[in-house]
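Participant: sequence below, structure please.
(chains A and B)
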There are 2 protein chains.
Amino acid sequence: MAENLAKSARKASNILKTLSNDKRTSALKVIHDSLRDSKDEIIEANKLDLKLAEEADLPDSLIRRLDLAKGDKYDSMLQGILDVAALEDPVGRISLSRHLDDGLDLYRVSCPVGVLLVIFEARPEVIANITALAIKSGNAAILKGGKESLHTFSAMATAVKKALAKTSIPPDAIHLVSTREQVGELLHQDKYIDLVIPRGSNELVRQIKASTRIAVLGHADGICSIYVHDDADGEMAGKIIVDSKVNYPAGCNAVETVLINKNLLSTSNPAGQAKVTSIIEQLVDAKVKVKIAPEIEAFLTSGDNSSPSTIAIPCPQIEPATEADFDREFLSLTIAIKSITDIDEAIAHINEHGSHHTDAIITASKDKAEKFLKGVDSAGVFWNASTRFADGFRFGFGTEVGVSTNKLHARGPVGLEGLMSYQYQIKGSGQIVGDYAGSGGSKRYLHQDFTVDNN
Amino acid sequence: MAENLAKSARKASNILKTLSNDKRTSALKVIHDSLRDSKDEIIEANKLDLKLAEEADLPDSLIRRLDLAKGDKYDSMLQGILDVAALEDPVGRISLSRHLDDGLDLYRVSCPVGVLLVIFEARPEVIANITALAIKSGNAAILKGGKESLHTFSAMATAVKKALAKTSIPPDAIHLVSTREQVGELLHQDKYIDLVIPRGSNELVRQIKASTRIAVLGHADGICSIYVHDDADGEMAGKIIVDSKVNYPAGCNAVETVLINKNLLSTSNPAGQAKVTSIIEQLVDAKVKVKIAPEIEAFLTSGDNSSPSTIAIPCPQIEPATEADFDREFLSLTIAIKSITDIDEAIAHINEHGSHHTDAIITASKDKAEKFLKGVDSAGVFWNASTRFADGFRFGFGTEVGVSTNKLHARGPVGLEGLMSYQYQIKGSGQIVGDYAGSGGSKRYLHQDFTVDNN
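Facilitator: Residues are numbered from 1 along each chain as shown, chains lettered A, B, ... in the order given. Below you'll find the model as predicted:
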């Protein structure tokens, strides 16, 4: 059954990918109108889900995510569909054009990946968002929502299906699946599904990654680090670390580990000591729990610290860090701090203990920064900026499909491009390879690139 | 043990990727010289492998691939290293540069994928080729050769290791592994290995794909099709089909299936009938065994065929095709021909029965061609050209790492680019997201692209 479903999506995707941008874009407007017109029924269904969730005593954070009527969430969702519709067509963009010979031209042309499987938890607005992204990019999509949002999901699915029936999108291009059992089977349909996109907790991503051979666009962990070099501006370091931790502690791009160059702790470097004290003070002021390695504790408590601190030790917000704290994503207002010898050790620590998401260096030295940016094996490598900038909207991608820690295909914040593949087209006039040198003939290839206008 | 090996390669890769192009390129020259100076020992070892292979009665084709002394193979191998050294540096190329704000710039910069696992069969020259590609692209590589080339492999490995010791390449960046047992374990090191590249038979690729979660760059099958539309130039169609089959029948880009528009078989279309007859005649003349579907057989044998054929039926080179013949890669001078109703059916047939490698349409119509190129879900989609053009060297890529039928990361013939990932760099001056709209502040992003010179 999962196989038939995936196969029908594949067939539909082969039609969808040939439709013009006009047809795909106008379908999004029809979906927008349908979801707008069905708002009352959908909010009604959403209330039922909320009631059941409260009765089942589900966590507040989940209930907040589930609630579609909250603030302008519904209208933002509707606007999001129009925003995606207005994006530049990602299909058919030419990234290489080359004369192989007279009348024999090679093009590399963007095309949809094919079939997406999107698995999400409580947020019902993902249905609208992913449906829009899939259709805009010419991909078929199978959407599987969480059981908490079952009634909302059904009401929205009805509205989307009704809308699709009025467009030229093949009906099997968007499948809305609500039973839990099918996920396991769908994850085995690597013949028909090209990409899995999990939208939910790290635990969900980890489970999915462990149970499929299909490529997964996402990240299970966000263990981001900031390395403070000994020439760092202390005020800048504190400000960036606090922002990276406090702005949204549950974000995957929040910082978890701070590495302090050990020169900053030296008694012969009172200015350095003042920087470290100030960083810790700023974190404490920002209500962050600071887990400190033994050498930081020694620094804070011993008379070697020349910098008078306003932190009274013992401080309830400061506690010793364990080794394991430097492999943890706290997802809360907690941070771990240790010192390291030099930039090489910082790079090595991050490559071994980080999750290859986003890491930053604070330094006044361009050379040190370049070394760090080249040496750290992460999707985002930042110099003198908050790790929280790792985000598709902040990067100006128009939309964000997810953040990937994969090194192949899409890495980092992923826009619509992450749903695209490419094909090599040749437009010839009867040429055969047997006429060319190396394959039996004597003709030579031109290999002359030319420019095409993508607009 | 495989884990330690992979881990050491990962550590080495984190150093290798920071080395300058000069260092990587000059290392290739040292390897070149070492292999040149060790030619006598290596050829001696190769003779021993050849002797053992002959004694073991291994197939001629394998022995030919194994023989390093044949013709100019050794010198070509040496030249290949210098050719790779001369390629443009693929590391550090900037494909996006954007002002997020004043003094806050975003760059997308190419970087090595990390660690490659390359598994190959008889061809010992792959050692030199892959070592060169890996070092040039800043990737660590674990090379595993076939048991048939064990002595050659050892002699070459000694020369390569000796050379590497004189360079700034970390010694663990290139591992040469010759025991069979390790492959299975290495395929499980997805924590440390980023990409598997099999160089060998379809069977090898299939086995590897089935036993690893690591991305595999390659293709198990090459079931390429050519669709002859009813307005095709008959002479062109025959010439392209013969070249696509005969130029190198064992190639993955050789054609296996020919789909003939059924209008060409109609009694009311004598010109069309003549085209079909001519195509089959040209194939028979080129010594191809032609497997024909029932409707083609009916056409050839019935009085309905208005085109007088020189083919005497029964012809020993013509035989009935089974259904299964249209899902087969013959890898020999055999081809299967059937008729289909129209271009939609051709596209659907290819998407279902092909291997998404390379498929071609022969037609005089630009519209039909565009429809085919858009609708066929393969790495290569060609119009009026031989499927054999699907090749990195013919595409002008300078080198070919493999041909991929994956839709993610690299697709089609893959040059050095296929060994590259990218990172997002931000160069800031202390910015935090909390100052920007949407995250608590009021500053606006500029999102203003600028140009950087990659040379």
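Participant: who does A:I292 bridge with?
Facilitator: Applying DSSP bridges to A:I292 yields these beta-bridge partners: A:P320, A:I337.
Participant: wait, doesn't it sit right on A:I318?
Facilitator: Yes. Taking contacts as CB atoms under 8 Å, A:I292 lies within contact range of A:I318: 6.1 Å. In short, each C-beta sits where N, CA and C put it, glycine included.
Participant: shared neighbours, those two?
Facilitator: Residues touching both A:I292 and A:I318 (CB atoms under 8 Å, 6 or more residues apart in numbering or on different chains): A:I280, A:L300.
Participant: which element follows the helix or strand containing A:G238 toward the C-terminus?
Facilitator: A:G238 is part of helix A:234-246 when elements are defined by DSSP states H and E. As assigned by DSSP H and E, the chain's next helix or strand after helix A:234-246 is strand A:255-261.
Participant: circling back to that earlier point, packing partners for the helix holding A:G238?
Facilitator: With contacts taken as 3 or more CB pairs under 8 Å, 6 or more residues apart in numbering or on different chains; DSSP states H and E, helix A:234-246 sits against strand A:224-228, strand A:255-261, helix A:270-285, strand A:358-362, strand A:380-385, strand B:420-431.
Participant: now with 10 Å, please.
Facilitator: Secondary structure elements in contact with helix A:234-246, counted by 3 or more CB pairs under 10 Å, 6 or more residues apart in numbering or on different chains; DSSP states H and E, are strand A:224-228, strand A:255-261, helix A:270-285, strand A:334-340, strand A:358-362, strand A:380-385, strand B:420-431.
Participant: out of the ones you listed, flag the one nearest B:N139.
Facilitator: Relative to B:N139, the nearest member of those by CB to CB is strand B:420-431, separated by 8.7 Å.
Participant: need the contact partners of the following helix or strand past that closest one.
Facilitator: As assigned by DSSP H and E, the chain's next helix or strand after strand B:420-431 is strand B:448-449. Here strand B:448-449 makes contact (CB atoms under 10 Å, 6 or more residues apart in numbering or on different chains) with A:G396, B:L96, B:S97, B:R98, B:H99, B:L100, B:D101, B:D105, B:L106.
Participant: report pLDDT for A:S26.
Facilitator: Model confidence at A:S26, expressed as pLDDT, equals 97.
Participant: what pLDDT does the residue nearest to it when sequence neighbours are not counted get?
Facilitator: Spatial nearest neighbour of A:S26, chain neighbours left out: A:T167 (7.0 Å); criterion: CB to CB, 6 or more residues apart in numbering or on different chains. Listed pLDDT for A:T167 reads 97.
Participant: doesn't A:T167 belong to a helix?
Facilitator: No. Read with DSSP: H, G, I helix; E, B strand; the rest coil, A:T167 is coil and lies in no helix.
Participant: how near is it to A:G392?
Facilitator: Relative to A:G392, A:T167 is positioned 27 Å away (CB to CB, to the nearest Å).
Participant: what does A:I335 give?
Facilitator: 25 Å.
Participant: who has more neighbours out of those two?
Facilitator: Using other CB atoms under 10 Å in any protein chain shown, the more surrounded residue of A:I335 and A:G392 is A:I335, with 28 against 19.
Participant: ok, the more buried one touching A:A293?
Facilitator: No. Look at A:I335 against A:A293 with CB atoms under 10 Å: they stay out of range, at 11.9 Å.
Participant: now for those two: what residues contact both?
Facilitator: Taking CB under 10 Å, 6+ apart as the criterion, A:I335 and A:A293 both touch A:A321, A:D325.
Participant: end to end, how far does stretch A:376-383 reach?
Facilitator: Counting by CA to CA, to the nearest Å, you get 12 Å between the two ends of stretch A:376-383.
Participant: likewise for stretch A:256-271?
Facilitator: In stretch A:256-271, first residue to last residue: 25 Å (CA to CA).
Participant: which positions in stretch A:431-442 come out as buried?
Facilitator: Applying a neighbour-count criterion of 16 or more other CB atoms under 10 Å in any protein chain shown, one finds A:Q431, A:I432, A:V433, A:G434, A:Y436, A:S439 buried in stretch A:431-442.
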